[in-house]
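> Fold the following and give me the result.
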Amino acid sequence: MAVDELDTRILRLLLEQPRTSVREYARVLGVARGTLQARLDRLERDGVITGTGPSLSAAALGHPVLAFVHIEVTQGHLDEVGDALAAVPEIIEAFSITGGGDLLTRVVARDNGHLEDVVQQLIQMPGVVRTRTEMALRERVPHRLLPLVESIGRAAAAPQQR
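Model (predicted):
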């Protein structure tokens, strides 16, 4: 899907000022409200904008421990284990991966003991062969998309400037 310079300006505003109204976005961007709404609808339909809810802090919710748990799965049981992971509330993300293991999960916990309990729960799932846990010490680069959006915007604007 092609994202042009206006789309990237819209996405930048959404990331920087998520609680602003569509009317205000249109004013800031200097476009008609209908134009902006049509762009937003297209970006949602095309899967560029995937949600509009608030970002929550697991640490502020009492789960300051963050770990990445690699899970090796018995061949042919990837879907079963993936479905079972969805039932564990402390797993906030899970991905099928290449390399060492079959699944990579992002797990939050109240403390190290709680993390151990979650890992033990994972080990006991049918189809799980072994796990390997890596604890995060400090977040160095928080989840972000703005630098990517800006890069795409520069690339979209470059052909027009030639």
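> Helix or strand for the most centrally placed residue in the chain, just tell me which one.
When CA atoms, centre = their mean is applied to the chain, the residue found nearest the centroid is His143 (7.3 Å). According to DSSP states H and E, His143 maps onto no helix or strand at all.
> In this protein, what residue spans correspond to helices?
Listed in chain order, the helices of the chain (DSSP state H) span residues 5-16, 22-29, 33-45, 78-85, 112-123, 146-161.
> Of these, flag the one that's most buried.
Of all the helices of the chain, helix 5-16 has the most neighbours on average by mean count of other CB atoms under 10 Å, namely a mean of 18. To be clear about C-beta, it is placed using only N, CA and C from the backbone, and glycine gets the same treatment.
> now for that one, which elements pack on it?
helix 22-29, helix 33-45, helix 146-161 (3 or more CB pairs under 8 Å, 6 or more residues apart in numbering; DSSP states H and E).
> export those to CSV and tack on distance to Gly76?
Listed next are the helices and strands packed on helix 5-16 as CSV, based on distance: least, CB to CB, whole Å:
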stretch, distance to Gly76
helix 22-29, 48
helix 33-45, 36
helix 146-161, 36
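> Quick one, which of those helices gets closest to Leu56.
helix 146-161 (18.9 Å; CB to CB).
> what's the angle between that closest one and helix 5-16?
Angle, helix 146-161 to helix 5-16, by axes from the mean of the first three to the mean of the last three CA atoms, to 10 degrees: 160 degrees.
> could you dump helix 146-161 to PDB, C-alpha only?
Output of helix 146-161 as PDB, limited to C-alpha atoms (Å, rounded to 0.1, in the frame of the first residue of the first chain):
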ATOM      1  CA  LEU A 146       7.400   7.700  14.400                       C
ATOM      2  CA  PRO A 147      11.000   7.400  13.000                       C
ATOM      3  CA  LEU A 148       9.800   4.900  10.500                       C
ATOM      4  CA  VAL A 149       6.800   7.100   9.500                       C
ATOM      5  CA  GLU A 150       9.200  10.000   9.100                       C
ATOM      6  CA  SER A 151      11.500   7.900   6.900                       C
ATOM      7  CA  ILE A 152       8.600   6.800   4.700                       C
ATOM      8  CA  GLY A 153       7.500  10.400   4.500                       C
ATOM      9  CA  ARG A 154      10.900  11.600   3.300                       C
ATOM     10  CA  ALA A 155      11.000   8.800   0.700                       C
ATOM     11  CA  ALA A 156       7.500   9.700  -0.500                       C
ATOM     12  CA  ALA A 157       8.500  13.400  -0.800                       C
ATOM     13  CA  ALA A 158      11.800  12.800  -2.500                       C
ATOM     14  CA  PRO A 159      10.500  11.900  -5.900                       C
ATOM     15  CA  GLN A 160       8.300  15.000  -5.900                       C
ATOM     16  CA  GLN A 161      11.300  17.200  -5.100                       C
END
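> No further queries at this time; thank you.
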